[in-house]
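>>> compute the structure for the input listed below.
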Amino acid sequence: MDFKLPEIQVNPDGWGPCTVPDKFKDKPYQPFSKGDRLGKVADWMGSVYQDKRYINKYTSQFGGGQQYAYFHDDDDNSFQLIDYTKTQKPIYQRNQRFRFNQQRLRRQQQLQQQRGVGLDNRGNFVGLKKGQQVDGRGKSGQQQQRGGRWGPGGGRPFTQRRWGDQRNAAKTTREASVQVKDDWEVIEEMDFPRLSKLKYFSVGDPETIVTAGELLTYDKSLDKINTKSERVLVRYDKFYHTVTTTDDPIIRELAKKEGTVFATDAILVALMCATRSHYSWDIIVQKIGNKIFLDKRERSDLELLTVNETATEQPNEDKAHMNSTPNLSIEATYINHNFAQQAVRPPVHKMERTNPFIDPEDNDAASNVASVAYRYRKWDLGDGFVLVARCEHNAAVLSTGGELQLGMVRALNDWDSKAAGSEEWRAKLDMQRTAVLATELKNNSYKLAKWTLQSLLAGSEFMRLGYVSRVHTKDSSKHVILAVQQFNPRDFATQINLHLDNAWGILKCVVDICRTLKDGKYLILKDPNKPVIRLYDIPNDEFESEDEESSGDEEEGSDGGQ
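Model (predicted):
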């Protein structure tokens, strides 16, 4: 048996072969170590094991190398890959419900920014506690849900409004309180953002000049009423005088000896709280020499009470509907007149003078006049201007010391909590009255601000608010009293963010503009759809036809009665 020794190459420079054998020429060589672990039989990419726990388990100590890398030197610029796969739409285009919910969430966030604090993440208006403040836009410091989990204001952010409410989301075009004619010239335009920044601190303390009328005593038994012991609202056939400034005999008498600006409290508060108003209203300005008279038109709705004027969801737009804006306004005025008379009882407290609007010899008329006392007061506005105004009280109480205290009685009315988007009074008044009041402050900011300012101008020492609701939501003629709440006018003004310096600043601004005008008649008109009031120069005989028509109707009515 032959044994041939292999050819042994001697490498004088190191260890290993000196040349590459012919059978291994032009073949890639991957260095390896006997300590390397074997993984896949053919791992050309070196990325089989992506788990971080095994990332170095099968890695060679010599590295992967570039022996098996592919290189293509030809030009691929003319090569183009065509993608036939269907493009997937983004989520906001695939899902219509998602788009609708996004729009609704965006609207809720805008409402929260407008209303400010007092709204939680779901857009719910919250209640008040002692020491907290709430303004007419719904600001408060404590959070409280409006309903249960699935009730109004509760639950998910996309389910807190009903589907049918979208019809009310559209912007409505309101009508002006008086039709503007072509020959009326705009003298001044005052926008609400500018008026809300006005402040005037130089108003002197009020001085009472004359008191007139008779007042009954407030019935304190109404304070004990609750939802379980509700009381029926009684209808009273009483006369309620809403005489304008220039028709007041006492103001005519005072204008001869003192005062330069004359008005009634109803006209003053409409102007001084103008920045909270949404509906249109108008005031007549008569400039005679250095005297300015603020009047209302004969058929003006200035003293009619509005309902849900500042609410997000407005009443029904159909004027023939029971819950339309005009019908709700008449209903609220009717409720307030009757509640004010039901809340008082004898004894009678007489003022210095008798009621200036009744004939003292007419006993029937005197006995049918509603309980009201007039207090004529004056304020020094500075710059030689003195304001004289007729203010009203409709109730009185005797303090423990026997001192007579005059006050104001008003009523809030609930017509349909579901349609109005408000709290359910019968379920919330006893336990969560602050939540109910907070909702009313949001929905009726202008009305409550006017009532509060009227109390402050008159010097009322108390203000009582009644909560009156319909017996049935479909019947606007029958009502019940559910509760009565007492407030101090000055403290209540602080709670609702009613700043007297701003109210006086608005009045002073209008007076300063009017005093530069020539003698004549002018009209202050609130724009029905914009937060702005305009001052128009109107003919001196404007609106005189309304007075003649109304007097003619009265004469025809008296002839028919005979």
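
>>> residue contacts, Leu305?
Leu305 sits next to 329, 332-333, 336, 447 when contact means CB atoms under 8 Å, 6 or more residues apart in numbering. C-beta here means a position set from N, CA and C on the backbone, and glycine is covered the same way.

>>> over to Arg534?
With the criterion set at CB under 8 Å, 6+ apart, Arg534 makes contact with 186, 188-190, 524-525, 527.

>>> go on, Arg231?
Here Arg231 is in contact with 222, 225, 480-481 (CB under 8 Å, 6+ apart).

>>> which pair of those spans the longest distance?
Taking CB to CB as the measure, these reach their widest spread between Leu222 and Val480, a distance of 12.4 Å.

>>> narrow the contacts of Arg231 to those that are buried.
Among the contacts of Arg231, those that count as buried by neighbour count (16 or more other CB atoms under 10 Å) are 222, 225, 480-481.

>>> from those, which land in strands?
Per DSSP state E, strands hold the following members of these: 480-481.

>>> closest to Arg252 among the buried ones among the contacts of Arg231?
Relative to Arg252, the closest of these is Leu222; by CB to CB it sits at 37.6 Å.

>>> is it true that the closest one touches Ala343?
Yes - because the distance of 5.7 Å satisfies CB atoms under 8 Å, Leu222 is recorded as touching Ala343.

>>> joint contacts of those two?
Counting by CB under 8 Å, 6+ apart, the contacts common to Leu222 and Ala343 are 464, 466, 484.

>>> residue ranges with poor pLDDT in the stretch 201-350 of the chain?
Applying pLDDT under 70 to the stretch 201-350 of the chain flags no residue at all.

>>> same deal with the chain?
In the chain (pLDDT under 70), the answer is 1, 32, 38-102, 110-171, 545-562.

>>> now with 80?
Scanning the chain for pLDDT under 80 picks out 1-11, 13-172, 317, 360-367, 419-422, 544-562.

>>> please enumerate the strands of the stretch 251-400 of the chain.
When assigned using DSSP state E, counting those that start in this stretch, the strands of the stretch 251-400 of the chain occupy the ranges 261-264, 282-288, 291-295, 344-350, 372-382, 385-393, 395-398.

>>> just those: most buried one?
strand 261-264 (a mean of 25; mean count of other CB atoms under 10 Å).

>>> what lines up beside that strand in the sheet?
The partner list of strand 261-264 in its sheet, established with DSSP bridges, is strand 291-295 (parallel), strand 385-393 (parallel).

>>> and those as CSV, adding distance to Arg375?
What follows is those, written out as CSV (distance: least, CB to CB, whole Å):
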stretch, distance to Arg375
strand 291-295, 18
strand 385-393, 5
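
>>> any idea how far the closest residue to Thr325 other than its chain neighbours lies from His321?
Among residues not flanking Thr325 along the chain, Pro315 sits closest, at 5.1 Å (CB to CB, 6 or more residues apart in numbering). In this view, Pro315 and His321 are 8 Å apart by CB to CB, to the nearest Å.

>>> which one of these two has more residues nearby?
With neighbours defined as other CB atoms under 10 Å, Pro315 and His321 compare such that Pro315 has more, 24 against 13.

>>> Val471: which of the strands paired with strand 261-264 is closest?
strand 385-393 (29.5 Å).

>>> quick one, that closest one and strand 344-350 angle?
Here strand 385-393 runs at 140 degrees with respect to strand 344-350, directions being taken by axes from the mean of the first three to the mean of the last three CA atoms, to 10 degrees.

>>> hang on, the earlier thing: highest neighbour count among the contacts of Leu305?
Of all the contacts of Leu305, Lys447 has the most neighbours under the rule other CB under 10 Å, reaching 24 neighbours.

>>> didn't it look like it was pressed against Thr306?
Yes - if you go by CB under 8 Å, Lys447 and Thr306 touch, sitting 5.7 Å apart.

>>> quick revisit: and of the contacts of Leu305, the nearest to Arg470?
Comparing those against Arg470 with CB to CB places Ala332 closest, at 11.6 Å.

>>> identify the residues contacting the closest one.
Contacts for Ala332 (CB under 8 Å, 6+ apart) come out as 304-307, 413.

>>> which residue ranges of the stretch 201-350 of the chain form helices?
Counting by DSSP state H, counting those that start in this stretch, residue ranges of the helices within the stretch 201-350 of the chain are 249-255, 265-272, 325-342.

>>> Pro213 and Asp364: what is the separation?
One thing to correct before we go on: residue 213 is Gly, not Pro. The value you get for Gly213 to Asp364, if CB to CB is used, is 17 Å.

>>> the two: which is more packed in?
Gly213 (25 against 8).

>>> beta partners for that one?
When bridges are called by DSSP bridges, Gly213 pairs up with Ala373.

>>> check contacts around it.
When contacts are taken as CB under 8 Å, 6+ apart, Gly213 is in contact with 351, 353-355, 372-374.

>>> go again with 10 Å.
241, 349-358, 369-375, 392-394 (CB atoms under 10 Å, 6 or more residues apart in numbering).

>>> cool, Val386 as well?
Going by CB under 10 Å, 6+ apart, Val386 touches 204, 207, 258-262, 378-380.

>>> TSV for these, including distance to Gly407?
Conversion of those to TSV gives the following (distance: CB to CB, whole Å):
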residue	distance to Gly407
Gly204	24
Glu207	20
Glu258	27
Gly259	26
Thr260	30
Val261	26
Phe262	25
Lys378	21
Trp379	20
Asp380	25
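
>>> all helices for the stretch 451-562 of the chain, in order.
Taking DSSP H, counting those that start in this stretch as the criterion, the stretch 451-562 of the chain carries its helices at 489-495, 500-515, 544-561.

>>> ok so, going back, which neighbours do Lys447 and Thr306 have in common?
Counting by CB under 10 Å, 6+ apart, the residues touching both Lys447 and Thr306 are 277, 332.

>>> that older thread, so of the helices of the stretch 201-350 of the chain, which one's packed in deepest?
Ranked by average neighbour count under the criterion mean count of other CB under 10 Å, the helices of the stretch 201-350 of the chain are headed by helix 265-272 at a mean of 23.

>>> roughly how far is it from the heart of the chain?
20 Å (CA atoms, centre = their mean, to the nearest Å).

>>> quick one: list the elements packing against it.
Applying 3 or more CB pairs under 10 Å, 6 or more residues apart in numbering; DSSP states H and E, one finds that helix 265-272 makes contact with strand 261-264, strand 282-288, strand 291-295, strand 372-382, strand 385-393, helix 445-458, helix 500-515, strand 520-526.
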